[in-house]
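Asker: Turn this into a model:
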Amino acid sequence: MRLAVGEARLAAEGGDVPVGAVVLGPDGTTVLASGHNEREATGDPTAHAEVLAIRRAAKVLGEWRLTGCTLVVTLEPCTMCAGALVQSRVDRVVYGARDEKAGAAGSLWDVIRDRRLNHRPEVIEGVLADECARQLTSFFRDR
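Answerer: Below you'll find the model as predicted:
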């Protein structure tokens, strides 16, 4: 999570909402890819930290299935990112701060663990939650 927090810091420096993500390989320690929000930097509404990290990890692995991998992200994924996580077949999602307004991993919705879908990653929430939430609060307070 500390690596994801560092990625979030890069997002804020670029004027984006401070969300960072890291994809770990099946061994749980190898960093395959990372990303941070780049919507403002690229003008791409899909340039969320999770989507960018997933794309980069798939490129490293040479396939779209991220079976055995873990995505670590500072903020609970939104519906778009939750869908991408299910589609990418990651085994688990670890997140820091809950997103009561747009979260799709247990807060507002639970897309990731929806029993109607063919793949349901494990969800671990609340890792460094206070630190992750402080980053977001500081960013929006300064705006």
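Asker: How are the helices of the chain distributed by residue range?
Answerer: For the chain, the helices defined by DSSP state H occupy 2-13, 39-42, 49-61, 79-88, 129-142.
Asker: got JSON lines for these, with distance to Pro121, mean neighbour count and mean pLDDT too?
Answerer: C-betas here are computed from N, CA, C, even on glycine. As requested, the helices of the chain are exported to JSON lines (distance: least, CB to CB, whole Å; neighbours: other CB atoms under 10 Å; pLDDT from 0 to 100):
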{"stretch": "helix 2-13", "distance to Pro121": "16", "mean neighbour count": "19", "mean pLDDT": "98"}
{"stretch": "helix 39-42", "distance to Pro121": "24", "mean neighbour count": "14", "mean pLDDT": "97"}
{"stretch": "helix 49-61", "distance to Pro121": "12", "mean neighbour count": "22", "mean pLDDT": "98"}
{"stretch": "helix 79-88", "distance to Pro121": "6", "mean neighbour count": "20", "mean pLDDT": "98"}
{"stretch": "helix 129-142", "distance to Pro121": "19", "mean neighbour count": "15", "mean pLDDT": "96"}
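Asker: Quick one: closest of those helices to Val94.
Answerer: Val94 lies closest to helix 2-13 among the helices of the chain, at 8.7 Å (CB to CB).
Asker: next one: the closest one to chain centre, how far?
Answerer: Relative to the centre of its chain, helix 2-13 is centred 12 Å away, using CA atoms, centre = their mean, to the nearest Å.
Asker: got the angle between it and helix 129-142?
Answerer: 0 degrees (axes from the mean of the first three to the mean of the last three CA atoms, to 10 degrees).
Asker: quick one: helix 2-13 to helix 49-61, angle?
Answerer: In terms of direction (the same axes, to 10 degrees), helix 2-13 departs from helix 49-61 by 120 degrees.
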